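Colleague: Sequence and predicted structure are below.
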Amino acid sequence: MTYAVTPDGTRIAYQIQGRGTPLVLLAGQANDHHWWDAVRADFHPARSTVTLDYRGTGDSDKPDALYSTELFAQDVIAVLDELGIDRADVYGTSMGGRVAQHIAARHPRRVGALVLGCTSPGGTHSVERGNDVRRALAQPQPEAARQALLELMYTPRWIASHPGPHHTLGDPRMPAHARRRHLVASNQHDAWDLLPGISAPTLVVHGSDDLLNPAANAPLIADRIPDARLHLIPNGRHAYFEEFRAHASPLVLDFLTTAHKP
């Protein structure tokens, strides 16, 4: 196992695969690097991929202390420093997109191109999920809540033909305190005032049928970041990048290639 050590002494486990221009892949809330298992190889013909286990997940340390999306962004920078990577493309989905907003806004020289998937700006300007979604996820029976999350991630047709395991439903090894810390970090995210300062070429991607993080957030972000492009994946839910990988992965690769052309 390979680790980067952050300024506060936390060990962050990271993984690197492939060759070429580095692409950092950032997972959703309470998930580790396995979030990307199904699609990671899609990027390897043109990119190396860098993933990490957020603090609180996977093989990283799990301190019971304040977490934030800005702190997660600092952890990503620590990984890039450990690898000697001065500049990388960044693709963040869900909470990973929130972390990516901080990286691009606060460390502009480290980001070549930016992809923000199924995410939101946070704060009072974001479009929150409906109360029916909240109730479904808060069911007292764990299996019922898990099934509700699965149906928010994928369409019924895809679920019927893909029995799992599903690596987007949370890291099963997380201790309870880390899950709570991740939830607070994601809920307290607010990058609205930072978005206009993002200078990296940016693509905003979202599933058109995403109810977990409503698709209405996508145009909010795209309108806020200078010259950002917006693309909605028809029929996509929250895990559009996996279910609709034949659409999403080439879209992202094409954008990254175009973004680096003079």
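Modeller: That came in fine, so what should we check first? Numbering: from 1, shown residues only.
Colleague: which residue ranges form the strands in the stretch 101-250 of the chain?
Modeller: 111-117, 202-207, 229-233 (DSSP state E, counting those that start in this stretch).
Colleague: Would you reformat those as a markdown table and include mean neighbour count?
Modeller: All C-beta spots, glycine's among them, are computed from the backbone N, C-alpha and C. Below are the strands of the stretch 101-250 of the chain laid out as a markdown table (neighbours: other C-beta atoms under 10 Å):
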| stretch | mean neighbour count |
| --- | --- |
| strand 111-117 | 26 |
| strand 202-207 | 26 |
| strand 229-233 | 17 |
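Colleague: Ok, which of those comes nearest residue 151?
Modeller: For residue 151, the closest of the strands of the stretch 101-250 of the chain is strand 202-207, at 13.1 Å, according to C-beta to C-beta.
Colleague: The closest one pairs with which strands, and in what direction?
Modeller: strand 111-117 (parallel), strand 229-233 (parallel) (DSSP bridges).
Colleague: Need the residues that contact that strand.
Modeller: With contacts defined as C-beta atoms under 8 Å, 6 or more residues apart in numbering, strand 202-207 is touched by 104, 113-118, 213, 215, 217-219, 221-222, 225, 227-233, 235-241, 244, 248, 251-252, 255.
Colleague: Quick one: mean pLDDT over that strand.
Modeller: The pLDDT scores in strand 202-207 average 98.
Colleague: Distance from the chain centre to it, please.
Modeller: 11 Å (C-alpha atoms, centre = their mean, to the nearest Å).
Colleague: Give me the buried positions along stretch 96-112.
Modeller: Using 16 or more other C-beta atoms under 10 Å as the test for burial, stretch 96-112 gives 96-107, 110-112.
Colleague: and that stretch, C-alpha only, in PDB?
Modeller: Taking C-alpha atoms only, stretch 96-112 is exported to PDB below (Å, rounded to 0.1, in the frame of the first residue of the first chain):
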ATOM      1  CA  GLY A  96     -15.800  14.300  -5.500                       C
ATOM      2  CA  GLY A  97     -17.000  17.100  -7.800                       C
ATOM      3  CA  ARG A  98     -17.300  19.300  -4.800                       C
ATOM      4  CA  VAL A  99     -13.800  18.500  -3.800                       C
ATOM      5  CA  ALA A 100     -12.700  19.200  -7.400                       C
ATOM      6  CA  GLN A 101     -14.200  22.600  -7.200                       C
ATOM      7  CA  HIS A 102     -11.900  23.500  -4.300                       C
ATOM      8  CA  ILE A 103      -8.900  22.100  -6.100                       C
ATOM      9  CA  ALA A 104      -9.500  24.100  -9.200                       C
ATOM     10  CA  ALA A 105     -10.400  27.300  -7.400                       C
ATOM     11  CA  ARG A 106      -7.700  27.200  -4.800                       C
ATOM     12  CA  HIS A 107      -4.900  25.500  -6.700                       C
ATOM     13  CA  PRO A 108      -5.300  26.700 -10.300                       C
ATOM     14  CA  ARG A 109      -1.800  25.900 -11.400                       C
ATOM     15  CA  ARG A 110      -2.300  22.200 -10.400                       C
ATOM     16  CA  VAL A 111      -5.300  21.600 -12.700                       C
ATOM     17  CA  GLY A 112      -5.100  21.300 -16.500                       C
END
